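>>> only geometry, no sequence info:
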């Protein structure tokens, strides 16, 4: 209880601020690579459903052409990526700007991945199982347990399981499993 009320947020601030400081040269290099290889901004902004379903502005490095329509991750297979986009998506470098979302308190290191505001079925399922009360995460229990063709209900169930069992030990376990997850090909939806 103390961890979920105070320790988790303190850890988010400490880790995100430290990571931003250490990774600044990499953040700048990725932003310049995007700018020099494709017209448009380096940062992609999108409204996502946050804690209690409140929308917030979510940041990523842009991996798709400007004006690509908003799609959930399971519908991205048909979208053409930018020259740098496929590399930063495969290495998950595109997710690094979310460190600023974490520092601002809009996200956490660990939690359900922020959904599009239009993913009403997923938001409703998270609302029913308690996962919607959490800050969205950079990584989460559903991500490290993901598998090919995972359904929205299965994803939401894992998010609800995390919300019911949240602890420092579980967060540490998810962080360790995230490093293994990053070395696997992403699941197919």
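Right, received. Where do you want to start? All figures in this text were calculated on a predicted structure; none of them were measured in a lab. Numbers count the residues shown, from 1 in each chain.

>>> which residue, other than its chain neighbours, is closest to residue 17?
residue 103 (5.9 Å; Cβ to Cβ, 6 or more residues apart in numbering). Glycine gets a C-beta too; all of them are placed from N, C-alpha and C.

>>> just residue 156 next, same as before
residue 125 (3.4 Å).

>>> who's in contact with the helix or strand that the one you found is a member of?
In the assignment (DSSP states H and E), residue 125 maps to helix 120-129. Applying Cβ atoms under 8 Å, 6 or more residues apart in numbering, the contact partners of helix 120-129 are 49, 53, 112, 115, 117, 132, 152-153, 155-157, 159-160, 163-164.

>>> related to what we said a few turns ago, quick one: contacts for the residue nearest to residue 17?
12, 13, 16, 17, 20.

>>> are any of those buried, and if so which?
Neighbour-count burial (16 or more other Cβ atoms under 10 Å) applied to these gives 12, 16, 20.

>>> now do the second one, the pLDDT please.
The reference is to residue 16. Looking at residue 16, its pLDDT reads 98.

>>> and if you look at the one 3 residues further on?
At residue 19, the pLDDT value in this model is 98.

>>> got it, and residue 187?
At residue 187, the pLDDT value in this model is 64.

>>> where do the helices of this protein begin and end?
2, 8-37, 85-90, 98-103, 120-129, 141-144, 152-165, 168-181 (DSSP state H).

>>> right, so the ones you listed: which one is the most enclosed?
Burial of those is given as mean neighbour count (mean count of other Cβ atoms under 10 Å); helix 141-144 ranks first at a mean of 23.

>>> quick one: mean pLDDT for that helix?
94.

>>> how far does that helix sit from its chain's centre?
11 Å (Cα atoms, centre = their mean, to the nearest Å).

>>> which outside residues touch it?
Residues contacting helix 141-144 (Cβ under 8 Å, 6+ apart): 110, 112-113, 150, 155-156, 158-159, 161-162, 170, 174, 177-178, 180-181.

>>> tell me which residue is most central in the protein.
In the chain, the C-alpha nearest the mean C-alpha coordinate belongs to residue 138, at 3.8 Å (Cα atoms, centre = their mean).

>>> ok, it to residue 174 distance?
Separation of residue 138 from residue 174 (Cβ to Cβ, to the nearest Å) stands at 10 Å.

>>> where do the contact lists of the two overlap?
By Cβ under 8 Å, 6+ apart, the residues touching both residue 138 and residue 174 are residue 110.

>>> any weak-confidence spans in this protein?
The chain contains residues with pLDDT under 70 at 72-77, 185-189.
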